[in-house]
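A.B. asks: dropping the sequence and predicted coords here.
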Amino acid sequence: MILYCATTNPGKLREFRRASRSGWEIEPAPDIEDIPAPEETGATFADNAILKARYYSHHAGEVPLFAEDSGIEVDALDGAPGVHSARFAGPKANDSENNLLLLERLKGKADRRARYVSVVALILPGQQPRIFRGTVEGEILERPRGSGGFGYDPLFYYRPFQATFAEVTPEQKWSVSHRGVAVEAMMEFLGDGAEFV
């Protein structure tokens, strides 16, 4: 069966496909490139994930579909960037610009604790959205390290690995990441898809 995901982000799509299980194939929502993105007005990751899932589900029709909202929360910034992580440095900001702004805001701050948060909203035909959440704790370095990953990964230091998420393999990152926890929980719930045929 096909499980559609509401993302145009190639990094996220690669990670979602890593969670594919027997019976499921993860594909972008039909014609998603041609659908104007909804305005993410939610106050929480769950609000935005549900908003996106409902929006793209309306366009896709009666198909299993999920949307994810995620970001980074930094303690010294009272949880910012939070739901604004992807557009922290502005609506059209890229990863480098967002990372630079985060480093600027943290200048002189001793507390570098942070966490990645991911919330997945799954919509199955005729059902209310189901929510799956994942988090991973780390800290923000003073300069980027590594060339892998995306988003804030070059700054996000995960102490058990003694490395940033941009310095480890995709498999290592997935095994502990916020997105991995949330998506794996969703796939566990879905099982092999037999009951949805």
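C.D. replies: Ah, there it is. Bear in mind the structure is a predicted one, so any value in this text is a computation, not a measurement.

A.B. asks: chain center to the longest helix anywhere in the chain: distance?
C.D. replies: Secondary structure of the chain per DSSP state H: the longest helix is helix 45-60. Computed by CA atoms, centre = their mean, to the nearest Å, the chain-centroid distance of helix 45-60 equals 14 Å.

A.B. asks: quick check: phi and psi at the residue nearest the centre of the chain.
C.D. replies: For the chain, the residue nearest the mean C-alpha position is residue 70 (3.9 Å; CA atoms, centre = their mean). Phi and psi for residue 70, reported as degrees, to the nearest 10, are phi -150, psi 170.

A.B. asks: check residue 156 too.
C.D. replies: Dihedral angles (degrees, to the nearest 10) for residue 156: phi -90, psi 110.

A.B. asks: pretty sure it sits against residue 167.
C.D. replies: No. Taking CB atoms under 8 Å as the definition, residue 156 is not a contact partner of residue 167, at 10.1 Å. Quick note: C-beta positions are derived from backbone N, CA and C, even for glycine.

A.B. asks: can you mark which positions in the host helix or strand of residue 98 are buried?
C.D. replies: In the assignment (DSSP states H and E), residue 98 maps to helix 95-105. Across helix 95-105, burial judged by 16 or more other CB atoms under 10 Å covers 95, 98-99, 102.

A.B. asks: perfect, that will be all.
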